[in-house]
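[1] Pasting the sequence and the predicted model now:
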Amino acid sequence: MKNLFFRRQPARYFLLLFILPLGCLLIQDGGAESASARLPEPHQPVFQPPLGPGKTPIETVTAPPEGGIVTLNSGTEITIPADAFIDSNGQVVTRPVTLTIQEYLNPIETWLGGVPMNMGEDNVLRSAGMMQIRASVGHDPVELGEGKSLQLDWYSVDDNPEYLTWTLDTASGAWTQTNGDIGLLPRDLDAELAQAEAALPPRVDPAPLNRYAFDIGDMTGKQPGLRKYAGVQFVPIDGQPCGHDATRIEVEPITDGSGGAFNVKFILDTVMSARFKASSFDTTTYRSSWRLDTTTVCRCNLGLPPNASERLTARIQRLLNGDTERQRERGRQKALELWSEYNAEVERQFLFGLLRPDNIPAQPDRPGRILQRSMQLDQLGWINCDIVIPYPTAVDLVADFVGAEGKPVSIDNLSVLELDTRTLYPCKNNRIRLDPTKKNAVFGYANGQVAYLDDATIAQLSSSASPTPLVVKTATISELQEPSSTIAQLILGS
């Protein structure tokens, strides 16, 4: 299993930034994907993928006519109503429908897809989940019927409640806000677990012995259930003597909130008989019998006998607290499973740990805080869960990029990635705007290579009214995948 609690390692910052998202996604674009699974490649100039189209994962799932829930590899769940789709003639589709989906769950995937995220010149959209979704039966496209909607449910890494739904016009590259419902459910699993445990009965300790404490046993061999009480001392709660020999003994925990109290029932259930004569003059001997049926109930606490062994002590603790301890453990395991599931499913959103904020705990033995989002879709195509973010203004300059030899370098898809907020700021016409108090990456694509500014260069950036010459570094994907190479050492800073 993956390490779900990956801690950020600054020394591997850029290596992780490029190798994991780029390398993994390029591999997924290989022969495993059938031609029929490919989405129609957009021919509009608004899409400008630096490495070409189709570099983000494409997934197909089948929606049955009766509806149901389908789950994507990322963990996103799509709830589909019955008879959800109609064909080009407006007729309800009664055959299984193929959904072809391309998800964009982190800024690097958005960059790879060349998806336009600008809102005018001074704002961008920060996404909490974006996808392109198509539906078809065979080669024939279908659409959602009137009054039908799909529900998306996924784990989120952003707790901002102001996200809205947007759709993309692929002809113009313009995003339009829709009225789709957005749900956000923050859950603190640790707090939920503590609250559930607080509702359970408190832990109970063995009672001190008194002079009337007694133990019980089975001399008949017909009550094997009494074996678990072997060696256990029962301490009468009222401090009075109680108990006697009986034909049957029953032990029942008291559930009225008394806290570790038990009823011990001594049951006499037998037939007594005797011989007698009617008088001293009667020569006949008679036999008489009668049924004896009495029960004595002793209300007791459990106590430890002197010098009790560890095994007996543990057994008494189980008798006193077994049910509540099992409930506590079941609750803890359920919370841990949900916490582990959350961490596994948001790894892609966090770029496999690189974008994981420090305020998210990394304690595998203790559940933390998770976020669950939902979104309603009443149309197919491009759909996004977004919030409008203004460009930073602290640093604002136009860069003139040069290579190590001093020659000009033309960079495509130049962007600033603000790691702490997972915001991608496209740099139109080489205009770089960033907040120097944040951790930033500046990168693009130049002549088949990844082009980037190193940390030292980014740290020295300042606003300028005139073009600023900046030395850019470049690396191929294969060079980045070789840690011992010169370029990898430069990126690693070692």
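    That came through fine. Keep in mind it's a predicted model, so treat the numbers as computed, not measured.

[2] Give me the pLDDT for the residue lying closest to residue 97 once chain neighbours are set aside.
    Setting aside the residues directly before and after it, residue 97 is nearest to residue 63 in space (Cβ to Cβ, 6 or more residues apart in numbering), at 4.5 Å. Where C-beta positions appear, they are placed from N, C-alpha and C, glycine not excepted. Per-residue confidence (pLDDT) for residue 63: 92.

[3] same check, this time on residue 69
    Value for residue 69, per-residue pLDDT: 94.

[4] Tell me how many other residues surround it.
    11 (other Cβ atoms under 10 Å).

[5] which SS state does it fall under?
    For residue 69, the assignment made with DSSP: H, G, I helix; E, B strand; the rest coil gives strand.

[6] Now for it: which residues touch it?
    77-80 (Cβ atoms under 8 Å, 6 or more residues apart in numbering).

[7] Which ones among the residues you listed lie within strands?
    77-80 (DSSP state E).

[8] Would you map the strands across the stretch 101-250 of the chain?
    Here the stretch 101-250 of the chain has its strands, by DSSP state E, counting those that start in this stretch, at 118-119, 123-137, 140-141, 143-144, 150-156, 164-169, 174-177, 182-188, 233-236, 248-253.

[9] who wins for proximity to residue 409 among the ones you listed?
    strand 118-119 (23.2 Å; Cβ to Cβ).

[10] What strands flank that closest one, and is each parallel or antiparallel?
    The pairing partners recorded for strand 118-119 under DSSP bridges are strand 123-137 (antiparallel).

[11] tilt between the partner strand and strand 164-169?
    70 degrees (axes from the mean of the first three to the mean of the last three Cα atoms, to 10 degrees).

[12] Export strand 123-137 to PDB, keeping only CA atoms.
    C-alpha atoms of strand 123-137 as PDB (Å, rounded to 0.1, in the frame of the first residue of the first chain):
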ATOM      1  CA  ASN A 123      -8.500  36.900 -12.500                       C
ATOM      2  CA  VAL A 124      -8.300  33.100 -12.800                       C
ATOM      3  CA  LEU A 125     -10.400  30.200 -11.700                       C
ATOM      4  CA  ARG A 126      -9.100  28.000  -8.900                       C
ATOM      5  CA  SER A 127     -10.600  24.600  -9.300                       C
ATOM      6  CA  ALA A 128     -11.700  22.100  -6.600                       C
ATOM      7  CA  GLY A 129     -12.600  19.500  -9.300                       C
ATOM      8  CA  MET A 130     -13.100  19.700 -13.000                       C
ATOM      9  CA  MET A 131     -14.100  17.200 -15.700                       C
ATOM     10  CA  GLN A 132     -15.100  16.700 -19.300                       C
ATOM     11  CA  ILE A 133     -17.900  14.100 -19.500                       C
ATOM     12  CA  ARG A 134     -19.500  12.600 -22.600                       C
ATOM     13  CA  ALA A 135     -22.100   9.900 -23.000                       C
ATOM     14  CA  SER A 136     -22.700   7.600 -25.900                       C
ATOM     15  CA  VAL A 137     -24.300   4.400 -27.000                       C
END
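
[13] how about that strand: buried residues?
    124-136 (16 or more other Cβ atoms under 10 Å).

[14] I'd like those residues as CSV, with pLDDT and distance to residue 70 appended.
    As requested, the buried residues of strand 123-137 are exported to CSV (pLDDT from 0 to 100; distance: Cβ to Cβ, whole Å):
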residue, pLDDT, distance to residue 70
124, 95, 31
125, 95, 26
126, 94, 27
127, 93, 22
128, 92, 21
129, 92, 16
130, 93, 18
131, 93, 13
132, 93, 16
133, 95, 11
134, 95, 14
135, 95, 12
136, 94, 15
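
[15] quick one on the thing from earlier: PyMOL command to pick out the buried ones of the contacts of residue 69?
    One line in PyMOL is enough to select the buried ones among these; burial here means 16+ other Cβ under 10 Å:
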select buried, resi 78+79+80
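
[16] so what's residue 415 bridging to?
    residue 426, residue 443.

[17] Help me confirm that it comes into contact with residue 450.
    No: counting by Cβ atoms under 8 Å, residue 415 stays clear of residue 450, with 11.7 Å between them.

[18] what is in contact with those two at once?
    By Cβ under 8 Å, 6+ apart, the residues touching both residue 415 and residue 450 are 443-444.

[19] the longest strand in this structure is where?
    Under DSSP E, the chain gives strand 286-303 as its longest strand.

[20] So which bits of the next helix or strand after that one are buried?
    Counting by DSSP states H and E, the next helix or strand C-terminal to strand 286-303 is helix 310-345. Buried residues in helix 310-345, counting neighbours by 16+ other Cβ under 10 Å, are found at 315-317, 319-321, 328, 331-332, 335-336, 338-339, 342-343, 345.

[21] Same check on stretch 158-166?
    158, 163-166.

[22] And the residues you listed, which is the shakiest by pLDDT?
    residue 158 (87).

[23] Ignoring the adjacent residues along the chain, who's closest to it?
    Residue 158 sits nearest to residue 128 (Cβ to Cβ, 6+ apart), 4.9 Å away.

[24] do residue 196 as well
    Counting by Cβ to Cβ, 6+ apart, the residue nearest residue 196 is residue 331, at 5.1 Å.

[25] any idea how far the one you found lies from residue 323?
    13 Å (Cβ to Cβ, to the nearest Å).

[26] quick one: the helices in the stretch 1-150 of the chain?
    13-18, 24-28, 107-113 (DSSP state H, counting those that start in this stretch).

[27] Run through who's touching the last one.
    With contact meaning Cβ under 8 Å, 6+ apart, helix 107-113 is reached by 17, 21-22, 25, 47, 49-51, 53, 55-56, 102-104, 117, 127, 130, 351, 413, 415, 417, 422-424.
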